[in-house]
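*Asks:* heads up, no residue letters with this:
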């Protein structure tokens, strides 16, 4: 509705409910002796049937208000309450808020002299919170399960209860500017900071509890970065147009807080080490190469790093592999640079679209190479990569893989630069 033709207001209220139910069973048999009798009633050996089911429910109430004054100054505010059955009885409900302001600068009288070349200029600011409920359906409940021991069925406590389990919250702040020049060139720049708190993570428990871990709300992490979009209408006529565009994003993250007051939490099975005040990097033994004299693999001691080589230095390297060699590789787990570019063109109904994308600073673990360039797997009769033809064989060989008598380990020799640029769509 409008007030005196200058004030424009939109109000919205709503409610949403979601209920998901899943049920399944399975039965399996082996030992069919006649292909003409493939039914379960004719198997010679059956297995215990399986059954599974789950239910989860969401209930939400929300409201939104939008306002603008003379299409110069804009404001909006949103509030919502979300409830989820996955959380503990004390924290199933949470409130989330967001608000934003936008100033249409080119609508101001003092910008009149710039309208010949500055078609649009807007300044935007927003802050808002959202919730995350991506956990199992019954993580907050104390559960019992069944087991078998010495041929006898029985019950056991399979999961401890956590009535305090609640929503993970993300609070994001954005500051951006949008401009259009000569009615042809568009520029959109956005800076953001996202704070994630009450993170939903599996926290290790003391062995005396009888449980390995429990899902809790612990710690916090922050992300910040910039997003830039540019497009140019290179050609625009009645029958044809050509538009060139590009976008770029940079993101960095940092651990702000951990559980139990810890400053560090190694997770070797995930090749990670959460350290307060640092970003998430790959955490692995750093491969130092192959000793040219005896063909043994080498690793840098903690606190030392470098490129793989062929000379053994006992002060900075070791030939004995252990979990104590895990250290920060300096390679980020999440890609810091990403973007894309392309064009959209048309002529008398014929169209052409080409989209390219790229990622820089992206690293991935090549697990296939770990299995396919392994003397242990070769001894087991498995096919191997052609690189195995160039393993160390005699003193003086400058090889990248150790001699056949040594097993390869899960270290940085399988951590590869996966940065790319590719044509996604044509």
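*Replies:* The structure has been received and is ready for your questions. Not measured: the values here are computed from a predicted model.
*Asks:* Just the buried residues of the strand ranked longest in the chain, please?
*Replies:* When the chain is parsed with DSSP state E, its longest strand is strand 213-236. For strand 213-236, burial by neighbour count (16 or more other C-beta atoms under 10 Å) applies to 214-225, 227-229, 231-233. (Glycine included, C-beta is placed from N, CA and C.)
*Asks:* Just say helix, strand or coil for the most centrally placed residue in the chain.
*Replies:* Centroid-nearest residue in the chain, with C-alpha atoms, centre = their mean: residue 334, separated by 7.2 Å. Three-state assignment for residue 334 (DSSP: H, G, I helix; E, B strand; the rest coil): coil.
*Asks:* Hmm, it is touching residue 253, no?
*Replies:* Yes: here residue 334 reaches residue 253: they are 6.5 Å apart, a contact under C-beta atoms under 8 Å.
*Asks:* Touching both of those two, which residues are there?
*Replies:* Listed as contacting both residue 334 and residue 253 by C-beta atoms under 8 Å, 6 or more residues apart in numbering are residue 280.
*Asks:* what's the helix or strand of the chain with the lowest mean pLDDT packed up against?
*Replies:* The element with the least model confidence among the helices and strands of the chain, by mean pLDDT, DSSP states H and E, is strand 45-46, at a mean of 84. Contacts defined by 3 or more C-beta pairs under 8 Å, 6 or more residues apart in numbering; DSSP states H and E place strand 45-46 against strand 29-30.
*Asks:* What distance do you get for the closest residue to residue 319 other than its chain neighbours to residue 289?
*Replies:* Of all residues not flanking residue 319 in the chain, residue 296 sits nearest, at 4.7 Å (C-beta to C-beta, 6 or more residues apart in numbering). As judged by C-beta to C-beta, to the nearest Å, residue 296 and residue 289 stand 10 Å apart.
*Asks:* Looking only at neighbour counts, state which of those two leads.
*Replies:* Comparing residue 296 with residue 289 by neighbour count (other C-beta atoms under 10 Å), the higher total belongs to residue 289, at 23 against 16.
*Asks:* What pLDDT is listed against residue 145?
*Replies:* Looking at residue 145, its pLDDT stands at 88.
*Asks:* Please name the residues that touch it.
*Replies:* With contacts defined as C-beta under 8 Å, 6+ apart, the neighbours of residue 145 are 155, 156, 157, 158, 159.
*Asks:* Which strand residues bridge it?
*Replies:* Residue 145 forms beta bridges with residue 156, as assigned by DSSP bridges.
*Asks:* check contacts around the residue nearest to residue 319.
*Replies:* Counting by C-beta under 8 Å, 6+ apart, the residues that residue 296 touches are 290, 312, 319, 402, 403, 406.
*Asks:* looking at these, which has the most residues close by?
*Replies:* Within the contacts of residue 296, residue 290 tops the neighbour count with 26 neighbours, counted by other C-beta under 10 Å.
*Asks:* and the gap between that residue and residue 365?
*Replies:* Going from residue 290 to residue 365 by C-beta to C-beta gives 20 Å.
*Asks:* just residue 358 next, same as before
*Replies:* As defined by C-beta to C-beta, residue 358 lies at a distance of 21 Å from residue 365.
*Asks:* same deal with residue 191?
*Replies:* Per C-beta to C-beta, residue 191 is found 32 Å from residue 365.
*Asks:* and residue 111, that one's in a helix?
*Replies:* Yes: assessed by three-state DSSP, residue 111 belongs to a helix.
*Asks:* So it sits against residue 103, correct?
*Replies:* No: counting by C-beta under 8 Å, residue 111 sits too far from residue 103 to count as a contact (11.2 Å).
*Asks:* Neighbour count for those two, which is higher?
*Replies:* residue 103 (16 against 13).
*Asks:* which other helices and strands contact the helix or strand containing that one?
*Replies:* Assigned by DSSP states H and E, residue 103 belongs to strand 93-104. In terms of contacts (3+ C-beta pairs under 8 Å, 6+ apart), strand 93-104 is packed against strand 73-84, strand 118-132.
*Asks:* Partner strands of it, with direction?
*Replies:* strand 73-84 (antiparallel), strand 118-132 (antiparallel).
*Asks:* where's the first one relative to the chain centroid, distance-wise?
*Replies:* If I follow you right, that is strand 73-84. 26 Å (C-alpha atoms, centre = their mean, to the nearest Å).
*Asks:* same check, this time on the last one
*Replies:* Relative to the chain's own centre, strand 118-132 is displaced by 23 Å; criterion: C-alpha atoms, centre = their mean.
*Asks:* mean confidence score for that strand?
*Replies:* Mean per-residue pLDDT for strand 118-132: 96.
*Asks:* Buried residues, that strand. List them.
*Replies:* Applying a neighbour-count criterion of 16+ other C-beta under 10 Å, one finds 118, 119, 120, 121, 122, 124, 126, 128, 129, 130, 131 buried in strand 118-132.
*Asks:* cool, and stretch 87-107?
*Replies:* For stretch 87-107, by 16+ other C-beta under 10 Å, it's 87-88, 91-92, 94, 96, 98, 100, 102-106.
*Asks:* Bridging across strands, which residues link to residue 202?
*Replies:* Note on residue 202: beta-bridge partners by DSSP bridges are residue 215.
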